[in-house]
Structures are given as C-alpha cells and as structure tokens.
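1. Please work out how this folds:
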Amino acid sequence: MMKANRNLTRLAATLLCLLMLPAAVWPPAGAEQARADWSRGTLLFLGRYEQDNVTGNGPDSIAWRILDIQGDEALVVSEKVLDRMPYHAQGGEYIPVTWEESSLRQWLNGAFLQSAFDDREREAIAQSELANEDHPRDRTPGGSPTSDRVFLLSQREAERFFSGKPDRVAFPSAYAFARDTICGDDGAAFWWLRSPGMDPDLAVRVTSGGALDRGDLVTKERIGLRPAMKVRLSVLAGMAAPDAGASGQAPGGEAFVVGGTVPFGRYEQNGVEQDGPEEIQWRILRIEGRFALLISQHCLDTQPFHPDWAGASWEDSSLKAWLNGAFLNAAFGEDEQKALQSGVLGDELVFLLTESDAETYFIGEKDRVAINTPYAQAQENTVDESETGWWWLRTRGSKANAAMCVTSFGGIFSRYQTEIYSVRPAVWVNLETMPQADPGRNP
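-> Next up, the predicted model:
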C-alpha cells in the first residue's frame, strides 16, 4: 500500500565508524591541495592523527569539514570524532570550570597542535578570537574570551553551522571507537562543545542523535572530540597533498578517501518533485588505482528483486534491468555515464552489492543500517513503517525465488524476490573522468 509522503524524523548518514581498509590514494602524493571550489560542506585534508587503529602504519590524514568561509579563512571541524577525553581532568569530580581554564583547551593548543601538524601546516591555522557565551537558558557563565588556534565549537556555532540534528551526527574513527568513546545504538558518538552546561561543572555535548543536551560532568572521560579551527585557504593552496596511504584528491581537487562521501548524479530524494532531483551522495567503499567502488549513502527507491514467483538470477532479474535502464538514465547524464565502469560484473553499469561485499565493506550490523530518503519512504514497501530501509543484495537467497537482503537493523536475511524493499545502488567509477560536483546545485 502506498504510504503518505512524510519527512524523516532522523536522516543521519551511517558513515564508516571503523576504517576497515587502508585509505587508498588518488592521485599520488605531490598533487596540489589547491581547489577553486572550496565551499561549505566540502572536505579538506590537513594534519595527521591516529584513526585506523593500526599504529604500525603511522597516523592518518585528518579530514576536515568546511562549516563557513569568511574571506580567506574557513571554519572547519573534523569529519570524524578523533578521540575521547574529559573536558577537564584536574581537581575533583564536581569542579566548576570554563573553557578558558579547561585542560582540554590546553591539550588542543599544546600536544594536539604540535603532534598533528607540521610547521608549514601550523602556518595555515589562524589564531581565532573566541567569545565564550553564557548558557542561553540557565545563564551559567561561559568565562572570558579566549584566543586559540584549535578549539571546540560553541553551542551557538553548532546550531548555526549545521542544518539540524542529523547534520550534527558524527561517527568515531576506529581509534576513537577502540578507546571506548561513548556511542549510541547506531554507532554515532557523543562529542563535546566548549559551552557551559546548566551548571558550572557541566559542559554541553552533542548526543549520538545530533541533539544538544544541557551538559555532562566535565570530568567524564569517554566523551568524543571533534576539534575545530580556522584555516587560511591561501596558505593551503600550494601545499602538497597528504602522503600515500592516507587520502588523495582527484584532478579537479576533490578529495577521495575510503569511508568518505562524494556527490555524483541526481535523483529525486526529498519528495518535492517540483524542485527537481537532488544530488546523490555516495559512500566510497574501495579505491583501486583510478577506480572507486561507491554505494549510495541512503536508500534511494524501492523495487521487487523480480516480480515472477518462480524467481530469477541477478543476471535475469527485473531489478538489474531497472537499475541499468530507468534508474541509470534518470540519475546520470551522458558525461556521468561515461565515467561509470562496466565489465566488472558483465555489461551492467549499476548493480547491487553481494552478501560477501556487505560483510567485507561494513563493520558489523550497525554500519550496514541505511536510511530511506523521504521519496523512498513514500514508495510502496513490504516494510511499511520502517524509516531505515531493508535493502536488496544481488546474492541468491535460500530458495530459488529468494534473494539476500539487509534488514533495518543491519542483519542479512533471505527474502522472497517478489517482496518490495529498498535499493542502494552501487557503481564503479573512474575518478579521472567523473564530473566534478557543481557547488551551486542543491545538495
């Protein structure tokens, strides 16, 4: 039965919270970091910190999300939760403290600044004059203004520079996860803000669901960190790209890293067809030389695997035909289709992951959970009330007329092919020829 179109109450992208593969590079080190399309929401890479929890290969390149640009300076915050630490580690359990006095501020502007960045990278980090406001409701003092190179976002900044709760959801690196950072059921982490909580011995956190709470004890040791800073884009412009094994950039300047996301193609997603299709966000699962394996970040539509009760192989299924016909032509223009790679599985340009892929490229059930877009949520679906999609795999199921499916909680089960479930398309794309995203288009 068709469901009424409704907004998702939680559109949180489930990112890679454990780095399961080495972060491959395209192109090799030495490419310029300069890019003409730096804009809000895009990523830049600067500095290194342990993230994949494999200390033998050294620290990993840090991805920073651009929140705002004013003149030559960009306000950035780490894309992942990098570590966990108390807001203040000195004194008793219930000690009142402001950002100015906190041990976390000292660590960020001391040990972290010196270990994560080399001399030239530190030149790109601006000195920021910070207003530390009182708690907006309880009027807990925020303390004196500070001048910092590295800091935490304030409550006001977390409200201003993110579009809402889902946009504030952040996942821990493998290193932060292994250090027992507090996470919610979906694997997203809690992370500190610098603003005071409802009492002087509390500091505000962002919850795993992206909400701003009224504070937790500053001595709590397992709350995550997303450092923030302002960087000078003119200084970054001529800097070399990160070393091999960490991350890389495409010829147009776009950064590609396993576990990151990239916009490519367009498909109806917000359920408001009058404003046209929206850019598709793809999660990077693997990079092999100049080619990358991508899967849609969200469930984009719903389809049966095959409508005939007798069942079909992937090769003969209606879902394969739909992906390489109606979906392909709706989602990708001529130039974009040229960047798609066939021959990996046969003649198809768009496909589904196998059961083995779903086990290899994701870290457990939580990492496989995917949200239906509002458009997909409004389509016919065997699972009427699930906002997290049950999405098809191309592997044959336990019976001839069944196929494997990822459930709303990330498990993998066999389902009848005639049932209607969500679709997360996958593609191999040529990074050299993939058209760059247009910053002026709707995300």
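
2. how about stretch 367-380: buried residues?
-> The neighbour-count check on stretch 367-380 (16 or more other CB atoms under 10 Å) flags 367-379 as buried. Every residue, glycine included, has its C-beta placed from N, CA and C.

3. Same list (the residues you listed) but as CSV, adding secondary structure, distance to residue 160 and pLDDT.
-> What follows is those, written out as CSV (DSSP: H, G, I helix; E, B strand; the rest coil; distance: CB to CB, whole Å; pLDDT from 0 to 100):
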residue, secondary structure, distance to residue 160, pLDDT
367, helix, 30, 84
368, helix, 33, 88
369, coil, 29, 90
370, coil, 29, 90
371, strand, 24, 90
372, strand, 28, 91
373, coil, 25, 92
374, helix, 24, 92
375, helix, 28, 93
376, helix, 30, 92
377, helix, 28, 90
378, coil, 31, 90
379, coil, 34, 89
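
4. Farthest-apart pair in those, please.
-> 367 and 378 (25.9 Å; CB to CB).

5. residue ranges with poor pLDDT in the stretch 301-443 of the chain?
-> Low-confidence segments of the stretch 301-443 of the chain (pLDDT under 70): 342-346, 384-386, 436-443.

6. so where do the strands sit in the stretch 1-150 of the chain?
-> Assignment of strands within the stretch 1-150 of the chain using DSSP state E, counting those that start in this stretch yields the ranges 43-49, 60-70, 73-78, 83-84, 128-130, 146-148, 150-151.

7. quick one: which of these is nearest residue 164?
-> Of all the strands of the stretch 1-150 of the chain, strand 60-70 comes closest under CB to CB, at 14.1 Å.

8. Kindly export the closest one (C-alpha atoms) in PDB.
-> Extracted as PDB, the C-alpha positions of strand 60-70 are listed here (Å, rounded to 0.1, in the frame of the first residue of the first chain):
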ATOM      1  CA  ASP A  60      46.300   9.000   9.300                       C
ATOM      2  CA  SER A  61      45.300  12.200   7.300                       C
ATOM      3  CA  ILE A  62      42.600  14.200   9.100                       C
ATOM      4  CA  ALA A  63      39.500  15.100   7.000                       C
ATOM      5  CA  TRP A  64      38.000  18.500   8.000                       C
ATOM      6  CA  ARG A  65      34.500  19.600   7.000                       C
ATOM      7  CA  ILE A  66      34.200  23.300   6.000                       C
ATOM      8  CA  LEU A  67      31.400  24.900   8.000                       C
ATOM      9  CA  ASP A  68      31.800  28.500   6.900                       C
ATOM     10  CA  ILE A  69      34.100  30.700   4.800                       C
ATOM     11  CA  GLN A  70      34.800  34.400   5.500                       C
END
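
9. Show me what residue 45 is bridged to.
-> residue 63 (DSSP bridges).

10. Okay, it and residue 328: tell me how far apart.
-> Using CB to CB, to the nearest Å, residue 45 is found at 32 Å from residue 328.

11. higher neighbour count, those two?
-> Set residue 45 next to residue 328 and count neighbours by other CB atoms under 10 Å: residue 45 wins out with 22 against 19.

12. my read: that one touches residue 66, true?
-> No: Residue 45 is beyond contact range of residue 66, at 11.6 Å (criterion: CB atoms under 8 Å).

13. Wait, residue 219 touches residue 89, no?
-> Yes: counting by CB under 8 Å, residue 219 does reach residue 89; the two are 7.0 Å apart.

14. Looking at these two, which is more packed in?
-> Each of residue 219 and residue 89 has its neighbours counted (other CB under 10 Å); residue 219 has more, 18 against 14.

15. For my notes, confirm the more buried one occurs in a helix.
-> No: counting by DSSP: H, G, I helix; E, B strand; the rest coil, one finds residue 219 to be coil, located in no helix.

16. ok, now how distant is it from residue 205?
-> 13 Å.

17. Now do the contacts for residue 157.
-> 67, 75, 228 (CB atoms under 8 Å, 6 or more residues apart in numbering).

18. and the spatially closest residue to the last one that is not a sequence neighbour, how far is that from residue 40?
-> When the adjacent residues along the chain are set aside, residue 228 lies closest to residue 77, with 4.4 Å between them (CB to CB, 6 or more residues apart in numbering). Relative to residue 40, residue 77 is positioned 12 Å away (criterion: CB to CB).

19. Since that was my last question, I'll sign off now.
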